[in-house]
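K.L.:
just to be clear, the model below is a prediction. Sequence and coordinates:
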Amino acid sequence: MSTTLKKLRRTVLTIAILGIATTGSSALASAFLDPNLVSRLQSIDSSSEIGVIVKMRESRGRRSARGRNAQEQVRTRGGRRGGHRHLKNAFARDTARRNRVLRRNNIVPDHPLAVPLAGSISPRSWRKRQKSLWLINGIAITASKANILSLADDPSVLEIVLDKTITLADTTVATNATPQWNLSAVGADSVWNQGYAGAGVVVAVMDTGVDVLHPDLSLRWRGGTNSWLDLSDPFQATPRDSTGHGTQVTGLILAGDLFGSPIGMAPDASWIAAKIFDDQGDASISDIHLAFQWFIDPDGNPNTSDAPHIVNASWALLSSLGNCSLEFAPDIEALEAAGISVVFAAGNSGPGPGTSLSPANGGQGLAVGSVNSNLDVSLGSSRGPSQCTGGIFPDISAPGVAVWTTDKSFGGFPFYTQMTGTSFAAPHISGGLALLRQAHPDASVAELEASIRETAYDLGPAGPDNDHGQGLVDFDAALQWLDAGPGCNSSPTALDSDLDGIADVCDNCTLVANAAQRDTDGDGYGNRCDADFDNDGTVSFQDVVQFINAFGTNDPDADFDGDGYVNFFDVVVLLHAYLAPPGPSALAP
């Protein structure tokens, strides 16, 4: 076996055993160190300090809380209000345990923060501050090489990753754009004519910020202390954007028509924002985790319902080209479980095959590719297959070449610009989801995504392909699909897993058949239920044990993607399925 294959197998088994089947036993192996961290540690002396994210093994209380959290999300069809509180409380109860871990490895705890209070801490101090990452059961710290290596041998530590800095991709300014072509191409005007413009829907933007002074955006900001998070400079309590990227993205989601023609997909929606990139276009991994975490509960009170309905992420890990990073998989899974749709730009690394970027290629949320006004895939739009799942990438396509949008206002002037890139294709999906969410406020994330995939206008070769995904989004057709209701034929063998009082074929993990996953339980869908080997309603430790035993074989039940082997791609499916609501399988034992 080659060195590369050995490393891959060791990584896979580490993820499967340590990342999923966490037991908290002191007999478990040393913590997993991500390759970026190992490389960095090799280049510094023992006293040099670097930023890392330390992920803890789950305590018994944390595992119990995660189970209660999943059950509550099922009962509330997403648990938009308070479904996360069990995890948050368990993390707080484990504070003393984490502090003991730090102290016995010569690291002094400093009361880590989950959110920087506006005006309370300087950017320099914030960068070195310990950060509380309760959503992923971790903590971001700065420590010496010697202390990091000591932590790696601590039985309470699961994984340590480098808190590296990512850079926002360069953007392309376009010319000769025709106003509104992009909105008409995806059926926005038809949905508006039916009375839906996004009223009551909140869209979150994680980007370079948003220019709140722009007259086409200012009145659409939700406002209040729970609607703006500046992770680059906590002294800034008012939304701002020094580069314009976030403002351009937000305009395509929900700007009005001061330009003279409509700009945004959902002009009646409102926005909140987390500024993850500093004024130089850099963001730390820990701050991105904090932003995802903040979206779950912006005001810090689990008894209020102030989470957004949709999160737009027009950025990517540029270093993930040709690779797969699942660093943000737990965050995305948590948001979707809370009823929050997540939309990613596919990336601008095309036109070659296999140019997908993470986290868009992780099999969670919606990855959006870009087409021009002739409905041809844009040259730079990243292509599949996904490096994580091996399946079709991107998920869907939207206009992203020469589209008009809002620009920095320089103090309140109605300035606009023309932009190109998948960063500007993704907001069409986010804004369109706001239209669908207004029309169907009780629809699940899976149902909304299904409506988009099932009704897309096919482009390129017949069927899904690795240039266009499912094709061009058609929101008018998606709305009609939702209006008609998914086919929920009654079934005498079904379990009422969605608790709607009816046992039918919609009692399933998702209504969307994943092309990269086989239907091993025979319920008509290839989805996370196919990882529930014992069909007890939960993908649990017992299922993980069966999967580990099958790893490296050609066991058809554990070969979720049908490539003939139980391998890394199947681990990705299992990671997404583990304890994820709603479940269980539609087929009774």
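P.N.:
Yes, it's here.
K.L.:
hey, let's count contacts and neighbours off CA atoms from now on
P.N.:
Noted.
K.L.:
next, residue 457: phi, psi?
P.N.:
Dihedral pair for residue 457: phi -80, psi 120, per degrees, to the nearest 10.
K.L.:
make that residue 301, sorry
P.N.:
phi -110, psi 110.
K.L.:
likewise for residue 295?
P.N.:
As for residue 295, its main-chain torsions (degrees, to the nearest 10) stand at phi -60, psi -30.
K.L.:
list the residues that contact it.
P.N.:
204, 307-308, 335 (CA atoms under 8 Å, 6 or more residues apart in numbering).
K.L.:
surely residue 377 meets residue 465?
P.N.:
No. The criterion here is CA atoms under 8 Å, and residue 377 misses it with residue 465 at 11.4 Å.
K.L.:
who's more crowded, the two?
P.N.:
Set residue 377 next to residue 465 and count neighbours by other CA atoms under 10 Å: residue 377 wins out with 27 against 22.
K.L.:
not counting its neighbours along the chain, what's nearest the more buried one?
P.N.:
residue 371 (4.2 Å; CA to CA, 6 or more residues apart in numbering).
K.L.:
now do the helices in the stretch 201-350 of the chain.
P.N.:
For the stretch 201-350 of the chain, applying DSSP state H, counting those that start in this stretch gives helices covering 245-254, 285-296, 329-337.
K.L.:
which helices and strands sit right next to the shortest one?
P.N.:
Okay, so that is helix 329-337. helix 285-296, strand 341-345 (3 or more CA pairs under 8 Å, 6 or more residues apart in numbering; DSSP states H and E).
K.L.:
same list (the ones you listed) but as JSON lines, adding mean pLDDT and distance to residue 226.
P.N.:
Output for the helices and strands packed on helix 329-337, formatted as JSON lines (pLDDT from 0 to 100; distance: least, CA to CA, whole Å):
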{"stretch": "helix 285-296", "mean pLDDT": "96", "distance to residue 226": "9"}
{"stretch": "strand 341-345", "mean pLDDT": "97", "distance to residue 226": "19"}
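K.L.:
quick check: domain ranges of this structure?
P.N.:
Under the assignment automatic domain parsing, the domains of the chain span 172-484, 487-589.
K.L.:
and of these, who's closest to residue 146?
P.N.:
domain 172-484 (21.2 Å; CA to CA).
K.L.:
out of the domains of the chain, deepest packed?
P.N.:
Mean neighbour count (mean count of other CA atoms under 10 Å) peaks for domain 172-484 among the domains of the chain, with a mean of 23.
K.L.:
for it, how far is the first residue from the last?
P.N.:
The first and final residues of domain 172-484 sit 40 Å from each other (CA to CA, to the nearest Å).
K.L.:
with stretch 89-102 instead?
P.N.:
Taking CA to CA as the measure, stretch 89-102 stretches 20 Å from start to finish.
K.L.:
out of the contacts of residue 295, who's nearest residue 407?
P.N.:
residue 204 (17.9 Å).
K.L.:
pLDDT score for that closest one?
P.N.:
What the model reports as pLDDT for residue 204 is 98.
K.L.:
shouldn't it be in contact with residue 298?
P.N.:
No. Residue 204 is beyond contact range of residue 298, at 10.6 Å (criterion: CA under 8 Å).
K.L.:
and the closest residue to residue 370 other than its chain neighbours, how far is that from residue 418?
P.N.:
Among residues not flanking residue 370 along the chain, residue 400 sits closest, at 4.7 Å (CA to CA, 6+ apart). According to CA to CA, residue 400 stands 10 Å off from residue 418.
K.L.:
how about residue 353, what does it touch?
P.N.:
382-385, 466.
K.L.:
secondary structure element holding it?
P.N.:
For residue 353, there is no helix or strand it lies in under DSSP states H and E.
K.L.:
ramachandran coordinates for it?
P.N.:
phi -70, psi 160.
K.L.:
and what of residue 101?
P.N.:
phi -60, psi -50.
K.L.:
so where's the stretch 51-200 of the chain shaky on pLDDT?
P.N.:
Scanning the stretch 51-200 of the chain for pLDDT under 70 picks out 60-83, 111-128.
K.L.:
next: the chain.
P.N.:
Using pLDDT under 70, the flagged stretches of the chain are 1-29, 60-83, 111-128, 486-542, 556-557, 560-564, 573, 576-589.
K.L.:
can you rerun that using 50?
P.N.:
1-28, 70-71, 73-78, 119, 498, 505, 509-517, 581-589 (pLDDT under 50).
K.L.:
quick revisit: who touches the residue nearest to residue 377 in this structure?
P.N.:
Going by CA under 8 Å, 6+ apart, residue 371 touches 377-378, 397-401, 425.
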